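> Just the structure for this:
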Amino acid sequence: MTLRLVINMQDLAPLLSSPPRITDDIEASCRSLDFQLQAAEGLVNYLGQSVELFVGERREFFGFLEVRGWEAKGTITYKVYDPLYFLVKNPDDYYFAGGLTASQRAEEVLKNVGVVRGKLAPTGVVLPASFYKKAEGDKVIIDGLVKTSRGGGKKYWLRFDPSVTDFGATIFERKMPTEMWAFQRGVNMTAAKYEESLEDHYNVVKLVNRETGKTVVQFDEKSIENFGARTRFEEVDKDHEKTMESDAAAMLEEGVKIKASIGIEGVNDDMVMPVFHVGDVIYVEDDLTQALGPYYIRRVEHTFQSSRRITMVFDVEEAPGLPPVPFDSAEDDTKDYTANGKKIKKPRKKKATSKDGKGKGVSETQVYNDEMKGLITKYGLDGKK
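Residues are numbered from 1 along each chain as shown. A predicted model of the protein is given here:
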């Protein structure tokens, strides 16, 4: 089994000066890959080029080079982000008519930004008309997924699948699998840590609308008795006056939970296990730290020590709550999309002047060359130099 790091059609794994590391964090918009190469004559790696990491025949990472730096000791450092990064880098206005599901909206966002579409699970719940102003694509997609769950649907994750077979942005159901990989002390788990904290705990929610004078207070009596009063105080505007009670209840339900963090370290020898992602579920067995049972991954780092050994560091949790809705007013803002009953005029796209679409792209992945051609046509740049 071999480790290959492909940039500009060259395998540069022999020049690695330290093990490459993949980081996936629930708080980030995409996965990242960090690595260092020994400086060598003829080494040409430009910003923006596609980067692929293979372990054997399995492609474990695909992304684009965003950061490159030199160190005095003769090494070059690189940072690569997977394609979901472009959802953040290309904010836009998005209007969705009523009757679309979150997956259908996601497909439009991905096409607009030029991110390859992979498998998108049918999310089912039909969403109302919404208008997102100057919005980052990942937040638009997540907004639809969160509102799907709160509207009675299932919970879903968004990720980018780098594999050759299912390549592209993926939406899949967040559920407990019937089978999962187990981590045990003395077998494939090298360390574990369990911690409980009240630092982010609150048991009183107070919402104030200063325009109307309305105040809503909700509290958990049992928690106050146990831990003392801890208040979350927020000011809301008139657009949220009707939902202040339900908003306070949702905040209180989340705030009274005792935050527990579980960290584990492990090894994956001979690639018997897959490379894990945020949202995957693993089973942890460690009586000393009380970490026993299935857990969702919040953050994971894979360090590829060799093609036969991967070390892993996980942050896991029992059941991740829904993220806050990124856009509370997207449905109300649809009135901003119309003026005197007519849609707001958008700039007319210029016609492409070239039909062949040929150009020297930085990506050697054909599906991404096709995506870039689509964007070039979209912005009327064909034939321009």
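
> okay, and for the stretch 201-350 of the chain, where does confidence drop off?
Scanning the stretch 201-350 of the chain for pLDDT under 70 picks out 288-291, 338-350.

> Domain map for the protein?
Here the domain parsing of the chain from automatic domain parsing is 3-82, 86-174+324-343, 181-197+259-317, 204-255.

> Columns mean neighbour count and distance to Gln366 on top of these, output as a markdown table?
To be clear about C-beta, it is placed using only N, CA and C from the backbone, and glycine gets the same treatment. Output for those, formatted as a markdown table (neighbours: other C-beta atoms under 10 Å; distance: least, C-beta to C-beta, whole Å):
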| stretch | mean neighbour count | distance to Gln366 |
| --- | --- | --- |
| domain 3-82 | 17 | 11 |
| domain 86-174+324-343 | 18 | 10 |
| domain 181-197+259-317 | 17 | 24 |
| domain 204-255 | 15 | 45 |
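
> Output those domains as a markdown table; include the columns distance to Glu364.
As requested, the domains of the chain are exported to a markdown table (distance: least, C-beta to C-beta, whole Å):
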| stretch | distance to Glu364 |
| --- | --- |
| domain 3-82 | 6 |
| domain 86-174+324-343 | 13 |
| domain 181-197+259-317 | 21 |
| domain 204-255 | 45 |
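
> Compare those and give me the one nearest Ser363.
domain 3-82 (4.1 Å; C-beta to C-beta).

> Show me where the stretch 1-150 of the chain has its strands.
Listed in chain order, the strands of the stretch 1-150 of the chain (DSSP state E, counting those that start in this stretch) span residues 3-7, 10-11, 16-25, 32-38, 50-55, 58-70, 75-81, 92-96, 100-101, 117-120, 126-127, 130-135.

> quick one: contacts for the closest residue to Asp333 other than its chain neighbours?
Counting by C-beta to C-beta, 6 or more residues apart in numbering, Asp333 lies nearest to Phe131, which is 4.4 Å off, once chain neighbours are set aside. Going by C-beta atoms under 8 Å, 6 or more residues apart in numbering, Phe131 touches Asp93, Tyr94, Tyr95, Phe96, Ala330, Asp333, Thr334, Asp336, Tyr337.

> Look at the residue lying closest to the fifth one once chain neighbours are set aside and report its pLDDT.
Just to be clear, that refers to Ala330. Leaving aside its sequence neighbours, Ala330 sits nearest to Ser130 (C-beta to C-beta, 6+ apart; 4.0 Å). On the pLDDT scale, Ser130 is placed at 95.

> my guess is Ser130 contacts Asp328, does it?
No - Ser130 is not in contact with Asp328 according to C-beta atoms under 8 Å; the separation is 11.1 Å.

> just to revisit the earlier point, which ones are touching the residue nearest to Ala330?
By C-beta under 8 Å, 6+ apart, the contact list for Ser130 reads Tyr94, Tyr95, Phe96, Asp143, Phe327, Ala330, Glu331, Asp333, Thr334.

> any idea how far Gly151 is from it?
13 Å (C-beta to C-beta, to the nearest Å).

> next one: Ile171
From Ile171 to Gly151 the distance is 16 Å (C-beta to C-beta).

> again with Lys335
21 Å.

> ok, for Phe219, nearest residue in space, not its chain neighbours?
Using C-beta to C-beta, 6+ apart and skipping residues adjacent in sequence, the residue nearest Phe219 is Val204, 4.4 Å away.

> thought the one you found was touching Thr231?
Yes - using C-beta under 8 Å, Val204 is in contact with Thr231, at 4.2 Å.

> and the strands of the stretch 1-150 of the chain, which one's lowest on average pLDDT?
strand 10-11 (a mean of 88).

> Run me through the strand neighbours of it, direction for each.
Here strand 10-11 has these sheet partners by DSSP bridges: strand 3-7 (antiparallel).

> List the contacts of the strand it pairs with.
Contact with strand 3-7 is made by 11-13, 16, 20, 35, 45, 49-55, 65, 304, 306-307, as judged by C-beta under 8 Å, 6+ apart.

> at 7 Å what do you get?
Defining contact as C-beta atoms under 7 Å, 6 or more residues apart in numbering, one finds that strand 3-7 is touched by 11-13, 16, 20, 35, 45, 49, 51-55, 304, 306-307.

> now for these, which pair is the farthest apart?
With C-beta to C-beta as the measure, no two of the contacts of strand 3-7 lie farther apart than Gln49 and Ser306, at 24.9 Å.

> List the residues that contact Tyr283.
If you count contacts by C-beta under 7 Å, 6+ apart, Tyr283 has them with Met180, Trp181, Ala182, Phe183, Gly293, Pro294.

> Show me the helices in the chain, by range?
85-89, 102-113, 137-150, 221-227, 244-255, 366-378 (DSSP state H).

> and the ones you listed as JSON lines, adding distance to Thr77?
Putting these into JSON lines (distance: least, C-beta to C-beta, whole Å) gives the following:
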{"stretch": "helix 85-89", "distance to Thr77": "18"}
{"stretch": "helix 102-113", "distance to Thr77": "27"}
{"stretch": "helix 137-150", "distance to Thr77": "26"}
{"stretch": "helix 221-227", "distance to Thr77": "45"}
{"stretch": "helix 244-255", "distance to Thr77": "39"}
{"stretch": "helix 366-378", "distance to Thr77": "24"}
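
> Stretch 49-68 spans what distance, first to last residue?
11 Å (C-alpha to C-alpha, to the nearest Å).

> so how far is that stretch from its chain's centroid?
Centroid separation for stretch 49-68 versus its chain: 17 Å, with C-alpha atoms, centre = their mean, to the nearest Å.

> hmm, back to that, so for Thr377, which of the strands of the stretch 1-150 of the chain sits nearest?
Once these are compared by C-beta to C-beta, strand 92-96 is nearest, at 16.4 Å.

> if I pick the closest residue in space to Pro323 that isn't next to it in sequence, what's in contact with it?
With C-beta to C-beta, 6+ apart as the criterion, Pro323 has its nearest non-adjacent residue at 6.0 Å, and that residue is Val146. Counting by C-beta under 7 Å, 6+ apart, Val146 makes contact with Leu322, Pro323, Val325.
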